[in-house]
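J.: sequence and predicted structure below; questions after.
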Amino acid sequence: MGYRILNHTADIGVEVHGATLADLFSQAASALVDLLTDRNALTVETERMIRVEGADLEDLWINYLREILYLFNGENFLLKDIPEITFNAPTNIQHSGTPNPTETHNLSNLKEININNARGKAAELSLEASLRGAFYNPQRHTIKTEIKAVTYHHAEVKQTPEGWQGVFIVDV
Amino acid sequence: MLKKIDDCRWEVPMTGGMKVPGIIYTSERLLKDMGGDESQKQVANVAHLPGIVKYSLAMPDVHWGYGFPIGGVAAFDMETGIISPGGVGYDINCGCRLMTTRLAYDEIRGNIKELVAALFQNIPSGVGSKGDLKLSVKEEKKVLEEGAGWAVRQGFGRPEDLETTEDGGRMAGADPEKVSDRALERGREQLGTLGSGNHFLEIEVVEEIFDPIAAVAFGLELNQVVVMIHSGSRGLGYQVCDDYLARMVKHSGELGFSLPDRQLACAFLKDRRGQDYYAAMAAAANYAWANRQMLMHWTRETFEKTLRKSPRDVGMKLLYDVCHNIAKIETFPVEGKEMQLCVHRKGATRALPPGHAALPPAYLKIGQPVLIPGNMGTGSYVLVGTEKAYTDTFGSACHGAGRVMSRTQAMKASKGRSIHREMADLGVTVMASGRGTLSEEIPAAYKNLDEVVAVVHRAGLARKVARLRAVGCIKG
């Protein structure tokens, strides 16, 4: 699955598709870094682990992308590979699909989730991602666009017949 | 859904949970550019927020932002109202400063290329550009407290520069302790840098004067060389906005009302979260003023060195520095009474009338200079604040041309063209750090600045004083 750029007057919108929730989040990270730089020019020289929380899926989605952007803006780290992601959710999240005890703590392969149950309570969801990439080197890497921030505007994570779809808008 | 009030104003009528109506300052022509744009809906969304006073406003350069529209103005009651990081924007105290010189264009016409190259060399620009100095955290906190005054104390400029800077280049209520470590870290190496995107430094020539009396008061004359700087608080400001937005989104359930868009996340002005944001935002605003002060200082030095002229002969003087992304505690008339309000201007310029106490002595009789930067190649405007803006728009006017094309549309439209050559044909020497910057910033990507300014002038929010034509430009 992949992503496409949406037209927005002042900013850049991205619509991302993934077969699973984890795939969606992985694709989104690479889409964000593709806006910043040519990932082909990067080599893997370091690894980062991040842990992000969110009150619900949309909050988690934006907080996760904010963190990846910060790694560049604050620490000069650029993601090369599509990251591996592990989701964690408290046991009180109800599955609308077939319940599977091993999945209640790990949403990585989740096909369906009752999003409404996860809304409104602080830090209900979290994820861990391992990110492999390089430090920005102006001699070797080009920055295509300065991204000021990943915004909450029109942020969206939803299920589609094909899998998952997410939208985020960055301020450039 | 829009209702025409007169030739300059359209009303967004109150529907659903709107607490006040919206008013968009525009014209039939500019309205067409808004077609399919979400800005009208955003004006309505802002009208849902608690404590909003009179109306949710949009200036003629309005365009689709995130949360608040860009070109939006909204004022909130100090007791019942909110403050919103999204109503200020990521680039806190993004703004403009305009410097006059004693140089006539004819004198330096042959030096423009050399000047642009030297400015490009001496002024760090581009994505994540770093300056020459890396501040200690202790020193950086002084910048956040003292603003442009810190820069002057370090030798970047003269004390009189502060007199013609909005708020004297220092916003009261700043608290560096409310700024996160991440924001401080990002700010340490970026002080004294222009940035990228629509930020620029432009050499311009006064090509038309509309109001000779105000022009004299501002020190402007025909054929004079002036310099416009457009920059803000760099990564430090973006991070402050990002930090507080996330915090407010997280606690939005405690507000007692539901947000039409998460990007409108806010906190009550009376609550600690609201006050913490205000203190951090003010600190970022001070950083931006120090930043523009340093950029001006290097511009002065570059002009003097390149033209081999004394500071006196170049005579670079700060006409005014004004911010267009900010929330400020100001007093305006509401239902016949003066009322203290928190005025959000996101892509809108403060425009104070003659006699206002916040004006520097030199402009007390004439009103505040309102600086409206254009886009590459079209030049800029200087206007002057009026009583009408004071009563009708919380002392606000437009801030620029406003985009009509998305960046990707602009990139497509400029494919295969030499924007450098086109700019040169228009008489503008341009140098840019980023490969894509020129293509994204082509003049056609923006609304017609003359039309935007004409609406502001006709509506009486600010009066046209002079039009400036660009001759040289550096971009990030």
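T.: Arrived safely, thanks for sending.
J.: going forward, measure contacts between C-alpha atoms and count neighbours the same way
T.: Will do.
J.: distance-wise, check residue B:33 relative to residue B:163.
T.: Residue B:33 is 39 Å from residue B:163, where distance means C-alpha to C-alpha, to the nearest Å.
J.: how about the residue most central in space within chain A, secondary structure?
T.: Residue closest to the average C-alpha location in chain A (C-alpha atoms, centre = their mean): residue A:25, at 3.7 Å. Here residue A:25 is helix, with the state taken from DSSP: H, G, I helix; E, B strand; the rest coil.
J.: pretty sure it contacts residue A:61?
T.: Yes: when contacts are counted by C-alpha atoms under 8 Å, residue A:25 is listed as touching residue A:61 (7.3 Å).
J.: quick one: the helices in the stretch 151-300 of chain B, in order.
T.: Assigned by DSSP state H, counting those that start in this stretch, the helices in the stretch 151-300 of chain B fall at B:159-163, B:181-188, B:212-218, B:234-250, B:272-307.
J.: show me what the last one is packed up against.
T.: The reference is to helix B:272-307. In terms of contacts (3 or more C-alpha pairs under 8 Å, 6 or more residues apart in numbering or on different chains; DSSP states H and E), helix B:272-307 is packed against strand B:82-83, helix B:112-122, helix B:137-146, helix B:148-153, strand B:224-231, helix B:234-250, strand B:267-268, helix B:311-314.
J.: ok and the fifth one relative to helix B:272-307, angle-wise?
T.: In this case it means strand B:224-231. 140 degrees (axes from the mean of the first three to the mean of the last three C-alpha atoms, to 10 degrees).
J.: what comes into contact with strand B:224-231?
T.: Contacting residues not belonging to strand B:224-231 are listed as B:94-105, B:194-195, B:199-206, B:288, B:292, B:295-296, B:373 [C-alpha atoms under 8 Å, 6 or more residues apart in numbering or on different chains].
J.: near chain A, which residues of the stretch 301-450 of chain B?
T.: For the stretch 301-450 of chain B, the contact set with chain A under C-alpha under 8 Å from any C-alpha of the partner chain comprises B:403, B:404, B:405, B:406, B:407, B:408, B:409, B:434, B:435, B:436.
J.: which of the residues you listed fall in helices?
T.: If you go by DSSP state H, those have B:407, B:408, B:409 in helices.
J.: OK, contacts around residue B:198?
T.: B:441, B:475, B:476.
J.: try it again at 7 Å.
T.: Contacts for residue B:198 (C-alpha atoms under 7 Å, 6 or more residues apart in numbering or on different chains) come out as residue B:441.
J.: now do residue 117, the pLDDT please.
T.: Looking at chain A here, since you left the chain open. Predicted confidence (pLDDT) for residue A:117: 39.
J.: oops, chain B please
T.: 97.
J.: please name the residues that touch it.
T.: If you count contacts by C-alpha under 7 Å, 6+ apart, then residue B:117 has nothing around it.
J.: that one and chain A, how far apart?
T.: When distance is defined by C-alpha to the nearest C-alpha, to the nearest Å, residue B:117 is 21 Å away from chain A.
J.: check residue B:288 too.
T.: Residue B:288 is 15 Å from chain A, by C-alpha to the nearest C-alpha.
J.: the biggest strand by length in chain B vs strand B:224-231, what angle?
T.: Criterion DSSP state E: the longest strand present in chain B is strand B:462-475. Counting by the same axes, to 10 degrees, strand B:462-475 points 80 degrees away from the direction of strand B:224-231.
J.: most neighbours among the ones in helices among the residues of the stretch 301-450 of chain B next to chain A, which one?
T.: residue B:407 (24 neighbours; other C-alpha atoms under 10 Å in any protein chain shown).
J.: so who does that residue touch?
T.: Per C-alpha under 7 Å, 6+ apart, neighbours of residue B:407: residue B:440.
J.: circling back to that earlier point, show me what the longest strand of chain B packs onto, helices and strands only.
T.: With contacts taken as 3 or more C-alpha pairs under 7 Å, 6 or more residues apart in numbering or on different chains; DSSP states H and E, strand B:462-475 sits against helix B:112-122, strand B:200-209, strand B:380-385, strand B:429-432, helix B:449-458.
J.: pLDDT below threshold where in chain A?
T.: Applying pLDDT under 70 to chain A flags the ranges A:9-10, A:90-123.
J.: next up, the contacts around the residue of it most remote from its centre.
T.: Note on chain A: the largest C-alpha distance from the chain mean falls to residue A:139, namely 28.1 Å (C-alpha atoms, centre = their mean). If a contact means C-alpha under 7 Å, 6+ apart, then residue A:139 has no contacts.
J.: what residues does the stretch 1-150 of chain B have near chain A?
T.: B:64, B:65, B:66, B:67, B:90, B:127 (C-alpha under 7 Å from any C-alpha of the partner chain).
J.: what's the local residue count around the third one?
T.: Right, residue B:66. Per other C-alpha under 10 Å, the neighbour tally for residue B:66 reads 27.
J.: give me the beta-bridge partners of it?
T.: Taking DSSP bridges as the rule, residue B:66 bridges to residue B:68.
J.: check what pLDDT it gets.
T.: 80.
J.: okay, now residue 28: neighbour count?
T.: All of this refers to chain A. The burial count for residue A:28: 28, using other C-alpha under 10 Å.
J.: not quite, I wanted chain B
T.: 12.
J.: how about it: what's its closest non-neighbour residue?
T.: Distances taken as C-alpha to C-alpha, 6 or more residues apart in numbering or on different chains place residue B:7 nearest to residue B:28, at 7.7 Å, with adjacent residues excluded.
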